[in-house]
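# Here is a sequence with its predicted model. Questions after.
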Amino acid sequence: MRKFETLGYEQADGVAWVTLDRPDRLNAFDLVMIEELHGLWRDLRVDDDVRVIVLTGAGDKAFSTGIDRSVNIAQPASPYMPVDPMPKIGPKTSELWKPLIVAVNGFACGGAFYLLGECEFVIAAEHATFFDPHTTYGMVSGFESTHLAQRMPFGEVMRLTLMGNAERMSAQRAYETGLVSQVVPADRLHETARWAAEVIASYPPHGVQGSLRALWAARDLTRAQALTIAPHLITMGNLPPEDQEALFHRRGKDFRVR
């Protein structure tokens with residue numbers, strides 16, 4: 001069992017459950033949490049027992065408020081070489097290409113968007129809210145707004161970014177704009193995330209991971225470039241036809257409607 005100072009960790013049935021566990025600081029990132037998250041993402045890359053990850057925050061008040069303002073990061077004199085440890089918390093930046101589901105159980109703001117921007121999809125409790133306080137405090141929302149701009153309409157990201165602390169986006173509005181894939185009552189958040197994670201974990205992993213890579217390529221590259229990569233992903237990830245046939249005949253008939 002993995003042990004951490006700032007994270008909760010459980011693992012079962014191919015699913016790793018990771019909890020940002022600094023509730024007294026609204027699950028804000030200190031330097032220890034940043035390093036622990038980055039190290040965990042790197043470790044999970046080569047852990048074949050883990051096929052899907054669910055990430056949430058301790059308590060029901062906040063998923064995360066971003067970097068802890070008490071953290072003091074020494075900066076060089078040159079403005080061309082700023083020191084920012086936050087990108088390391090991103091699973092894709094850490095080269096983790098396994099599905100990551102984020103379950104938001106409170107408000108998510110600022111640096112939390114590094115994680116929401118690099119996950120596969122977000123499930124939110126009804127009371128969850130989203131905002132970006134950078135402009136309120138005279139700061140530029142550079143990474144955070146860029147992550148959001150990949151998932152939401154331009155005008156919605158612009159409003160969320162410019163309004164700072166003055167306005168929060170509800171879970172329902174986040175769903176309507178595409179940031180969130182599903183909104184559920186708070187007492188169903190864990191169960192809903194578990195069901196989705198266990199379903200994905202039950203599928204052949206190479207097909208899941210290849211599909212994931214194809215979709216990220218479609219977002220990050222031109223259409224022509226992404227389509228050029230697709231045949232290689234299919235060749236690497238597809239099961240042999242006879243194995244596909246066996247799975248087809250064993251397919252279940254139960255499903256949920258979202």
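That came through, no problem.
# distance between the helix or strand where E35 lies and the chain's centre?
Secondary structure from DSSP states H and E places E35 in helix 31-44. Offset of helix 31-44 from its chain centre (Cα atoms, centre = their mean, to the nearest Å): 14 Å.
# Outside of that helix itself, which residues are in contact with it?
Contacts to helix 31-44, defined as Cβ atoms under 8 Å, 6 or more residues apart in numbering, come from residues 2, 4-7, 9, 16, 18, 20, 22, 29, 50, 53, 71, 85-86, 88-89, 91, 94-96, 98. The way it works is simple: take the backbone N, C-alpha and C, and place the C-beta from them, glycine included.
# Can I get that helix as CSV, trimmed to CA atoms?
Output of helix 31-44 as CSV, limited to C-alpha atoms (Å, rounded to 0.1, in the frame of the first residue of the first chain):
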residue,chain,number,x,y,z
LEU,A,31,5.3,21.6,-2.3
VAL,A,32,5.0,18.1,-0.7
MET,A,33,1.6,17.5,-2.3
ILE,A,34,3.0,18.6,-5.7
GLU,A,35,5.9,16.2,-5.5
GLU,A,36,3.7,13.4,-4.2
LEU,A,37,1.2,13.8,-7.0
HIS,A,38,3.9,14.0,-9.7
GLY,A,39,5.6,10.9,-8.2
LEU,A,40,2.4,9.0,-8.0
TRP,A,41,1.4,9.7,-11.6
ARG,A,42,4.8,8.6,-12.7
ASP,A,43,4.6,5.4,-10.7
LEU,A,44,1.1,4.5,-12.0
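# pLDDT of that helix, averaged?
Averaged over helix 31-44, pLDDT sits at 97.
# What strands flank the following helix or strand past that helix, and is each parallel or antiparallel?
Next along the chain after helix 31-44, taking DSSP H and E as the criterion, comes strand 52-57. Applying DSSP bridges, strand 52-57 is found paired with strand 15-20 (parallel), strand 100-104 (parallel).
# out of those strands, deepest packed?
Greatest average neighbour count among those goes to strand 100-104 (a mean of 25), per mean count of other Cβ atoms under 10 Å.
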